[in-house]
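Chemist: Predicted model and sequence below, questions to follow.
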Amino acid sequence: MTVNIIQEGHATLRATAKEVQKNEFDSEQLHKDIAHMYEALYTQDDGVAIAAPQIDISRRIFVISEKIIGKSDEVPADTPTVYINPVILATSNDKKKMSEGCLSVRPLYGKVKRASRIHIRAHDAQGTMFEVEAKGFLAQIFQHENDHLNGVLFIDTATDIHELVSTKKDKDSEK
């Protein structure tokens, strides 16, 4: 089964995602949904995270690519990769404009003002609650993915929106 990443204009991307209920933790369906999210994420070379609504599943879940875990001080090796029913507990007052793109808003990029630090609480697939304090790139990911769960796309608040310049391969395929 091929899992498709839905694009801007699809209703699921603008809906508030539903919470995962206690009796759904560690269920076959939840594990299947998470596996589908990873399957879709790993089809994208530049993907670092994906939220369930991006694959047309209206659930409050996002996952982070294992390929970025432990690669920098901003994404420590002990960073969890699955976030279910995340809640932002606190954000720093200092905000920075950061460059962003989105797997569901191809090929647009822009600058979004994001908190530099964030404190988030979530559950893993078994239902165990955990908290993470993040800074920089990881804080940006948390905010971007949490926005997806609330029906918000980065283009709603971005400035300097532009299309990523096509590669030579892309231009050749258009001929």
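Modeler: Structure's in. What do you need?
Chemist: Show me the shaky parts of the chain.
Modeler: Scanning the chain for pLDDT under 70 picks out the ranges 1, 166-175.
Chemist: just the strands in it please.
Modeler: Assignment of strands within the chain using DSSP state E yields the ranges 49-51, 61-64, 82-91, 95-101, 108-115, 117-123, 129-135, 159-163.
Chemist: Could you list the paired strands of the second one along with their orientation?
Modeler: When pairs are called by DSSP bridges, strand 61-64 turns out to pair with strand 49-51 (antiparallel), strand 82-91 (antiparallel).
Chemist: who touches it?
Modeler: 17, 20, 33-34, 37-38, 41, 48-52, 79-86, 141, 145-146, 148-149 (Cβ atoms under 8 Å, 6 or more residues apart in numbering). Using the backbone N, CA and C atoms, a C-beta is placed for each residue, glycine as well.
Chemist: circling back to that earlier point, output the strands of the chain as TSV; include the columns mean neighbour count.
Modeler: Compiled in TSV, the strands of the chain are given as follows (neighbours: other Cβ atoms under 10 Å):
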stretch	mean neighbour count
strand 49-51	26
strand 61-64	25
strand 82-91	18
strand 95-101	16
strand 108-115	19
strand 117-123	19
strand 129-135	14
strand 159-163	11
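Chemist: a markdown table for those, including distance to L153?
Modeler: A markdown table is the format used below for the strands of the chain (distance: least, Cβ to Cβ, whole Å):
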| stretch | distance to L153 |
| --- | --- |
| strand 49-51 | 11 |
| strand 61-64 | 14 |
| strand 82-91 | 17 |
| strand 95-101 | 10 |
| strand 108-115 | 9 |
| strand 117-123 | 19 |
| strand 129-135 | 21 |
| strand 159-163 | 11 |
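Chemist: Break down the chain into its helices, ranges please.
Modeler: Counting by DSSP state H, the chain has these helices, from start to end: 28-41, 136-149, 168-173.
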